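J.: can you look at this prediction? I've put the sequence above it.
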Amino acid sequence: MEKIKERLQSLRAEADAAVARAEEAEAKNKKYEQMLLEREQEITSLQHKNAVLEADLEKAEQKLADLKAAQEDGEQSRTANEGLQRKIQLLEEELDAADKNLKDAMDKLRQVDVKAEHFERQVTRLEQERDNWEKKYEEAQEKYRESKRELDELVASMEGL
């Protein structure tokens, strides 16, 4: 009888531990899902920033093309030419800065994409781990119910004696 009680306590402790591990796994899963959501939002933000930078780049390239065409068409005076040269230089610097920003944004996007894939793999792994824990918990519950049934039968048969 004492062994049965100890076994029952052991099974309860195992079930409680399984529940705790399942809850911990669910908490981790939620944490990773939140991190994944944040990464997806960061990707969306970077994609928007990338689109804005590309539009700025197109505008800058168009301005550069317009200024160069104006320079070729209408070299009327030296001061006008010098002014246009300064504008071209500024636009080229803006273009270089926009190219650098675009490159940086693309690098960040790639890094975020790699991180997102990594977190997706972690989420998948954690979901599998959670499923395994849930299965173990269900098995422990079934063992507990079976042990309880056997204990009840044993108690009933002992009372019959």
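T.: Right, received. Where do you want to start?
J.: every contact and neighbour count from this point should use C-alpha atoms.
T.: Will do.
J.: state the distance from the residue of the chain positioned farthest from its centre to Arg149.
T.: In the chain, the residue that sits farthest from the middle, by Cα atoms, centre = their mean, is Leu161; the gap is 63.9 Å. Using Cα to Cα, to the nearest Å, Leu161 is found at 19 Å from Arg149.
J.: with Leu57 instead?
T.: 75 Å.
J.: which one's more surrounded, those two?
T.: Leu57 (21 against 12; other Cα atoms under 10 Å).
J.: my guess is that one contacts Asp96, does it?
T.: No: contact criterion Cα atoms under 8 Å: Leu57 and Asp96 do not qualify, at 9.3 Å.
J.: nearest residue to the middle of the protein?
T.: Centre-most residue of the chain, counting by Cα atoms, centre = their mean: Leu36, 2.1 Å.
J.: for the chain, which spans come out with low pLDDT?
T.: For the chain, applying pLDDT under 70 flags the ranges 71, 74-78, 80.
J.: what's the longest helix in it?
T.: helix 78-160 (DSSP state H).
J.: rewinding a little: show me what contacts the residue nearest to the centre of the chain?
T.: Shown in contact with Leu36 (Cα atoms under 8 Å, 6 or more residues apart in numbering): Ala116, Phe119, Glu120.
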